[in-house]
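[1] Make a model of this:
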Amino acid sequence: MGTEAEDQATPAARAATSLRYLAAAQTAPRARPSDGPRRTRPSTPAAPIHPGILDHVTAARREVVEHARAVIPEDLVRGPVPREAVEVYRWYEQHTPYLDAGARRAGEAIMYRQALEHALRARDTTVIRRERCPSCRCFSLLWQGALQAAVCVNDRDLHHGRPRRYTLAQLAETAVGNSSMRAAT
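    Residues are numbered from 1 along each chain as shown. Predicted structure coming up:
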């Protein structure tokens with residue numbers, strides 16, 4: 001994530017790319033410490049993907065499919081829903097080009113948020129640094145995992161003496177709203 005082409009891509013494409021990155025990060029061989037005592041090898045192999053990540057991917061796919069079923073008339077859905085979570089994003093885009101602006105923005109916000117979630121699950125917190133603060137419009141956000149929120153560190157953007165906090169959903173809605181405003185002008 002983060003190339004200029006990705007930043008200009010649709011939220012669905014960003015979410016798919018981010019999900020591929022998450023899957024690659026989960027299936028990459030883990031580095032082993034070179035020093036230290038020797039350990040015996042486990043008798044059973046490790047799971048190919050962390051169960052928590054699998055649950056996250058399943059929930060993301062389910063959310064996109066449920067949103068699609070809520071906004072797309074049933075007679076316009078062609079073919080079955082893909083089993084692969086990455087392919088669900090493409091399927092969604094193929095079935096939603098005619099939606100009204102509000103439904104389109106809602107779907108884009110879901111996928112934008114999911115792209116951020118996938119990256120954070122892969123421990124890539126730099127995706128938050130590339131987002132503008134909804135209040136001061138600076139690139140001053142930091143991810144605070146303990147709070148599960150992005151925090152604005154701009155000293156001039158305090159709210160009652162405290163840094164402003166934003167959920168991923170708030171960041172996604174702001175970003176999608178800003179991009180649709182730019183497209184309208």
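[2] any idea how far residue 60 is from the residue most central in space within the chain?
    Nearest residue to the geometric centre of the chain (C-alpha atoms, centre = their mean): residue 115, 1.7 Å. According to C-beta to C-beta, to the nearest Å, residue 115 and residue 60 sit 10 Å apart. Heads up, the C-betas are built off the backbone N, CA and C, glycines and all.
[3] circling back: correct me if wrong, but the residue nearest to the centre of the chain is in a helix.
    Yes - applying DSSP: H, G, I helix; E, B strand; the rest coil, one finds residue 115 inside a helix.
[4] you'd agree it is up against residue 10?
    No - using C-beta atoms under 8 Å, residue 115 is not in contact with residue 10, being 10.3 Å away.
[5] Next, show the common contact partners of those two.
    Listed as contacting both residue 115 and residue 10 by C-beta atoms under 8 Å, 6 or more residues apart in numbering is no residue at all.
[6] circling back: okay, and the common contacts of residue 115 and residue 60?
    Joint contacts of residue 115 and residue 60 (C-beta under 8 Å, 6+ apart) are 15, 19.
[7] neighbours around residue 24, how many?
    10 (other C-beta atoms under 10 Å).
[8] tell me which element it falls in.
    In the assignment (DSSP states H and E), residue 24 maps to helix 11-27.
[9] can you give me the strands in this structure?
    141-144, 149-152, 158-159, 162-163, 165-166 (DSSP state E).
[10] Can you tell me, leaving aside adjacent residues, what's nearest to residue 132?
    residue 139 (6.1 Å; C-beta to C-beta, 6 or more residues apart in numbering).
[11] Please determine how far the one you found is located from residue 22.
    As judged by C-beta to C-beta, residue 139 and residue 22 stand 23 Å apart.
[12] for residue 92, same thing?
    According to C-beta to C-beta, residue 92 and residue 22 sit 18 Å apart.
[13] from memory residue 121 sits against residue 23, does it?
    No - at 10.3 Å, residue 121 does not count as touching residue 23 under the criterion of C-beta under 8 Å.
[14] what about these two, which has more around it?
    residue 121 (20 against 17).
[15] dump the residue contacts of the more buried one.
    Per C-beta under 8 Å, 6+ apart, neighbours of residue 121: 22, 53, 56.
[16] redo that, cut-off 6 Å
    Going by C-beta atoms under 6 Å, 6 or more residues apart in numbering, residue 121 touches 22, 56.
[17] Tell me the pLDDT of it.
    At residue 121, the pLDDT value in this model is 93.
[18] now it: how far from residue 114?
    From residue 121 to residue 114 the distance is 10 Å (C-beta to C-beta).
[19] what's the burial count for the closest residue to residue 19 other than its chain neighbours?
    Computed as C-beta to C-beta, 6+ apart, the closest residue to residue 19 that is not its neighbour in sequence is residue 118, at 4.9 Å. Residues within reach of residue 118, counting by other C-beta under 10 Å, total 28.
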